[in-house]
Structures are given as C-alpha cells and as structure tokens.
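Colleague: Pasting a predicted model and its sequence here:
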Amino acid sequence: MPTKPSESNAKRSSHSGTGRATVHLFAKYPAPGKVKTRLIPALGGDGAAALHRRLTERTVAAMRATGLPFAVRYSGANEAAFAEWLGADVRLIEQGDGDLGARMGRVAAPAVLLGADVPDLSADYIRAMATALETAPVAIGPAADGGYWSIALARALPLLWDAMDWGTDRVLPETLRRLEAAGIEPALLETLADCDRPEDLERWPWLSA
C-alpha cells in the first residue's frame, strides 16, 4: 500500500531539506478560447482565460516561495510572450510535441511536476512533494477528480507516461496500478481539488470575481 503522511506531517516535513528536485509547471498561454474551455459556458472565453492567467500566476508565486529551483514548461505562445507575462527571470522550457505523457516524460528527475489548476496549492505543498523524494522514489498528490495535482520523481519512470487516459478519473488508479506492478511504493500526499468545471467555481468564488 502507498504511504500517506498526515497533513500535519506533510507540512512539518516541507520545512526540512528538499534535495536537488526542480519544480516544473506545465502552463499554457492564456489565450481566450484556448484554455479552460470547460469553463467557457460559465465565464466566456475571456473570463476563462483570465481565470487561467490568475491560477498560473498564483502557481508561479508559490514556486518562487519554495526556495527550490523551478521552471515553466510552456505551450500556446513563444518564449518571448511567456517572459513578458511571467518575468524575464523565469526559466522557460518549451513543452514540445506529443500528448501530456510524452511531454511529462521529457522532464529530467529529480523533479516535481505541477499543473496550474489547483487554487489551494501553496509553497508548503510543493516543498512536501520534494521532501517526499528523500524516502520514496515517487510521490503523488492526488486530485479530487481522480487524477493528480502533482507527481514527483526521484528517478526516471517511463512506465508512467505511455497509453494513459489523461484528463480522466482513471489516471490515478492506473498510475498506482503500474507502480504496484513494478514493485514501487509511492508516497501519497494530501488530496487537493482542481478548478476545471463550472460547478467547481462555487468552491472558490473569488477566482471569477
């Protein structure tokens, strides 16, 4: 069974050493009609893009606050557009072609991988993911929708990326099944919720205010 530290333990451990893990945020450019498309019926194209912009900026701020090295792996616009948006000091890496698994599989370990969909994400949670790699080969932050809000890797694990039903509630169960089959015990951290659907907005009304 995967190990699951309590919230208090996760937060305490987030202040200990975090090794050499680099935090990588996968981010799209906030172009209306191209991001948060499931929120467009509720917010419109411009509103959904504005929400995505706000979430991405909050995630970058959380990464900065960790004190860990970090990078933004970008898509949807060129490097100059991202540098103008997020700051010239942010390390930018193009995501490249392929599905999400192919793009995530290009990240060199040790690493913490994030998306920009989690309003409750904080520096403590990110540090806890990195800290978990001191005692586990892989750490997972489960998402309430059946995926994960973060995955951290102490070493390359190609088995996690191919033929995965990304964006569905099968991602986490299938990830855990593959790890168990390989004899790899992950650390499971706190479950957090994504903001992807109109009904999710009720949880964070300030996001679309």
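Modeller: Ah, there it is.
Colleague: Contacts only, for the nearest residue to Leu100 once chain neighbours are set aside.
Modeller: Excluding its sequence neighbours, the residue lying closest to Leu100 (C-beta to C-beta, 6 or more residues apart in numbering) is Trp166, at 4.5 Å. (Each C-beta comes from the backbone N, C-alpha and C, glycine too.) Shown in contact with Trp166 (C-beta atoms under 8 Å, 6 or more residues apart in numbering): 99-101.
Colleague: Stretch 197-207: end-to-end distance?
Modeller: 13 Å (C-alpha to C-alpha, to the nearest Å).
Colleague: For that stretch, buried residues please.
Modeller: With burial defined by 16 or more other C-beta atoms under 10 Å, the residues of stretch 197-207 counted as buried are 200-201, 207.
Colleague: what does stretch 177-194 give?
Modeller: Going by neighbour count (16+ other C-beta under 10 Å), the buried part of stretch 177-194 is 178-179, 184, 186-190, 192-194.
Colleague: Likewise for stretch 75-91?
Modeller: By neighbour count, with 16+ other C-beta under 10 Å as the criterion, the buried positions of stretch 75-91 are 82, 85-86, 90.
Colleague: Also stretch 45-64?
Modeller: Across stretch 45-64, burial judged by 16+ other C-beta under 10 Å covers 45, 48-56, 58-60, 62-63.
Colleague: What are the contacting residues of it?
Modeller: With contact meaning C-beta under 8 Å, 6+ apart, stretch 45-64 is reached by 23, 25, 27-28, 30-37, 39-40, 43, 70, 72, 85-86, 90, 114, 116-119, 121-123, 125-126, 195, 207-208.
Colleague: In strands only, show me these.
Modeller: Counting by DSSP state E, the part of those found in strands is 23, 25, 27-28, 70, 72, 114.
Colleague: re earlier: from the contacts of Trp166, which is closest to Ser150?
Modeller: The nearest member of those to Ser150, counting by C-beta to C-beta, is Leu100 at 13.7 Å.
Colleague: Do I have it right that Gly33 meets Ile40?
Modeller: Yes. Look at Gly33 against Ile40 with C-beta atoms under 8 Å: they come within range, at 7.3 Å.
Colleague: Comparing these two, which shows the higher neighbour count?
Modeller: A direct count of neighbours by other C-beta atoms under 10 Å for Gly33 and Ile40 places Ile40 higher, at 17 against 12.
Colleague: where's the more buried one relative to Glu202, distance?
Modeller: Plainly put, Ile40 is 17 Å away from Glu202 if you go by C-beta to C-beta, to the nearest Å.
Colleague: likewise Ala143?
Modeller: Distance from Ala143 to Glu202, by C-beta to C-beta: 17 Å.
Colleague: so the longest helix anywhere in the chain versus strand 22-28, what angle?
Modeller: Longest helix in the chain, counting residues (DSSP state H): helix 40-66. Interaxial angle, helix 40-66 versus strand 22-28 (axes from the mean of the first three to the mean of the last three C-alpha atoms, to 10 degrees): 160 degrees.
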